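1. After the sequence you'll find the predicted model.
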Amino acid sequence: KQEVTQIPAALSVPEGENLVLNCSFTDSAIYNLQWFRQDPGKGLTSLLLIQSSQREQTSGRLNASLDKSSGRSTLYIAASQPGDSATYLCAVRDNYGQNFVFGPGTRLSVLP
Amino acid sequence: SQTIHQWPATLVQPVGSPLSLECTVEGTSNPNLYWYRQAAGRGLQLLFYSVGIGQISSEVPQNLSASRPQDRQFILSSKKLLLSDSGFYLCAWAPPLVGSYEQYFGPGTRLTVT
């Protein structure tokens, strides 16, 4: 059964810092991996989707990498801003079903 | 463009009362539909998914049920709520193609069972 973990659980950084969020999964037979952002009390907003054949995806200040063989993905946020404060979740879709398995999330606080 | 709606946004219900949460999607046909629950301080738990009208798959045994009476309508129900049903309920959709595709989430319903 696929399990997804995220480290750290919480992170607090000063504005302007570059930071890395980590996501690990136990079964490397995935179809894709998706990073989401969730603001308090809100739904999830998709940030980046990486296909299993890809190594990375970039959108603005965000860069997500995927190492399927080692079961890891990282989300790199450059020049962090207070508006980046949110919970970041990763989710993997495996090859066997229609479903996504989510990690518990990393709660990020960017201090002005 | 596609949009996904959920209502109500918040709900306070007593233990033992019934529940009905609704989710609708616009701008797409035959989407895969999902119900998730997010309990306080915990990750998202997949409750149900549907690949077509009347087709419901349950991921965990629970006090809840789901129905898909129309192509773009997904309903989460309970006959008698428990305290443990409190949480943030999220509906999501994904394109119907087999292969790599994204999930898109609705705004969620905050349910408090008292």
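-> Now that the structure is in, tell me what you want to look at.
2. So which residues of chain A form strands?
-> A:4-7, A:10-14, A:19-25, A:30-38, A:44-51, A:56-59, A:62-67, A:72-77, A:86-94, A:100-102, A:106-111 (DSSP state E).
3. any chance of these in TSV, with mean neighbour count, mean pLDDT and distance to chain B too?
-> C-beta coordinates here come from the backbone N, C-alpha and C atoms, glycine included. Converted to TSV, the strands of chain A look like this (neighbours: other Cβ atoms under 10 Å in any protein chain shown; pLDDT from 0 to 100; distance: least, Cβ to the nearest Cβ, whole Å):
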stretch	mean neighbour count	mean pLDDT	distance to chain B
strand A:4-7	18	94	8
strand A:10-14	12	96	11
strand A:19-25	18	97	12
strand A:30-38	22	93	5
strand A:44-51	19	93	4
strand A:56-59	14	95	12
strand A:62-67	18	97	12
strand A:72-77	20	98	15
strand A:86-94	24	92	7
strand A:100-102	24	88	4
strand A:106-111	17	96	10
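4. Kindly report the residues of chain B close to chain A.
-> Contact residues, chain B versus chain A (Cβ under 8 Å from any Cβ of the partner chain): B:32, B:34, B:36, B:42-44, B:46, B:49, B:51, B:57, B:59, B:88, B:90, B:92, B:94, B:99-108, B:110.
5. from the residues you listed, which would you call buried?
-> B:32, B:34, B:36, B:43-44, B:46, B:49, B:88, B:90, B:92, B:94, B:100-106, B:108 (16 or more other Cβ atoms under 10 Å in any protein chain shown).
6. Any stretches of chain B with poor pLDDT?
-> Residue ranges of chain B with pLDDT under 70: B:41, B:61, B:97-100.
7. Now do the strands in it.
-> Applying DSSP E to chain B gives strands spanning B:3-7, B:10-13, B:19-26, B:32-38, B:44-52, B:55-58, B:65-70, B:73-78, B:87-94, B:104-105, B:109-113.
8. other SSEs contacting the shortest one?
-> The elements that strand B:104-105 packs onto, with contact taken as 3 or more Cβ pairs under 8 Å, 6 or more residues apart in numbering or on different chains; DSSP states H and E, are strand A:44-51, strand B:87-94.
9. Could you dump the ones you listed into a markdown table and include distance to A:G71?
-> Listed next are these as a markdown table, based on distance: least, Cβ to Cβ, whole Å:
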| stretch | distance to A:G71 |
| --- | --- |
| strand A:44-51 | 13 |
| strand B:87-94 | 23 |
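10. Can you tell me which of those is nearest to A:Q34?
-> strand A:44-51 (4.8 Å; Cβ to Cβ).
11. between that closest one and strand B:32-38, how many degrees?
-> 120 degrees (axes from the mean of the first three to the mean of the last three Cα atoms, to 10 degrees).
12. Check the offset of strand A:44-51 from the chain's centre.
-> 8 Å (Cα atoms, centre = their mean, to the nearest Å).
13. thinking again about what came up before, quick one, which of the strands of chain A is nearest to B:N63?
-> Using Cβ to Cβ, the strands of chain A put strand A:100-102 closest to B:N63, at 21.4 Å.
14. which residues sit against the closest one?
-> Strand A:100-102 has contacts (Cβ atoms under 8 Å, 6 or more residues apart in numbering or on different chains) with A:2-4, A:25, A:34, A:89-94, B:34, B:36, B:43-44, B:46, B:103.
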